[in-house]
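Enquirer: A structural model of the following input is requested.
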Amino acid sequence: KLRVWSIEARVSIALRLLPTVATSIAYTPDGSGIAVGGIDGSIFVLEALTLSLLSDAVNNRAAPLTELKYAPDGRTLAVASDTTIDLYNSATLERTSVCKGHTGDVTHMDWASDSSAIRSTSRANELMFWNAVDLPAPPETAVVLAADSTRDVLWETTTCEFGWTVQGMHSPEGSGPTSI
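Expert: Below you'll find the predicted structure:
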């Protein structure tokens with residue numbers, strides 16, 4: 001089930017039974033839609049207030065989707081599953097590119113404020129940076145950027161456990177990373 005709540009009234013204003021168990025969601029930058037990622041690898045988009053279906057389900061992965069994140073300009077939806085990030089045209093949900101390179105499951109992603117790059121972290125304690133401008137069509141992978149070339153990038157969000165903005169933050173020895 002997916003519910004939309006009124007914070008002021010403290011009541012549920014919309015409810016939708018989902019065709020699959022949701023593992024991740026993301027609001028569109030303008031707040032009008034909600035992308036839902038499922039345990040079965042499916043993606044679909046709902047209208048944010050009524051939860052009416054805006055798209056048919058798209059399924060390019062069999063594994064659960066671990067993270068969804070819209071580009072700040074709203075044109076691209078990044079979808080993480082296992083060690084891969086798929087990029088979709090947010091209007092059509094057509095897969096436009098793929099980011100491959102992590103050796104562990106992708107845990108978090110952040111978009112550059114100008115939608116030009118993505119950074120992602122994985123369960124293998126990796127931090128990778130991806131060019132999100134000149135994207136090859138699948139199955140070719142997006143270009144990995146050097147970390148030092150992204151040091152001064154302004155990021156729309158900071159959900160990755162590693163990076164310039166979280167230097168010095170780490171878990172106690174041997175316990176591994178945790179979400180911040």
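Enquirer: what residues are up against P139?
Expert: V98 (C-beta atoms under 8 Å, 6 or more residues apart in numbering). For the C-beta atoms, the positions are set from N, CA and C on the backbone; glycine is no exception.
Enquirer: could I get the phi/psi values of D148?
Expert: Dihedral pair for D148: phi -70, psi -20, per degrees, to the nearest 10.
Enquirer: where's G104 relative to N125, distance?
Expert: According to C-beta to C-beta, to the nearest Å, G104 stands 7 Å off from N125.
Enquirer: which SS class is the residue of the chain positioned farthest from its centre?
Expert: Ranking residues of the chain by C-alpha distance from their mean position (C-alpha atoms, centre = their mean) puts A9 at the top, at 29.7 Å. The local conformation at A9, judged by DSSP: H, G, I helix; E, B strand; the rest coil, is coil.
Enquirer: tell me which helix or strand T107 sits in.
Expert: strand 106-111 (DSSP states H and E).
Enquirer: how about D114, secondary structure?
Expert: D114 - assigned by three-state DSSP - is coil.
Enquirer: hmm, A71 and it touching each other?
Expert: No: assessed by C-beta atoms under 8 Å, D114 is found out of contact with A71, at 9.3 Å.
Enquirer: the more surrounded of the two?
Expert: Set side by side, D114 and A71 show more neighbours around A71, with 21 against 14, by other C-beta atoms under 10 Å.
Enquirer: surely that one is in contact with S115?
Expert: Yes: counting by C-beta under 8 Å, A71 does reach S115; the two are 4.1 Å apart.
Enquirer: what's the overlap in contacts for these two?
Expert: Common neighbours of A71 and S115 (C-beta under 8 Å, 6+ apart) are A132.
Enquirer: where does pLDDT dip in this protein?
Expert: Across the chain, the ranges flagged by pLDDT under 70 are 167-180.
Enquirer: ok, 80 please
Expert: 163-180 (pLDDT under 80).
Enquirer: quick one: the strands in it?
Expert: Listed in chain order, the strands of the chain (DSSP state E) span 2-6, 11-16, 22-27, 33-38, 42-47, 58-59, 65-70, 76-81, 84-89, 95-100, 106-111, 117-122, 127-131, 144-145.
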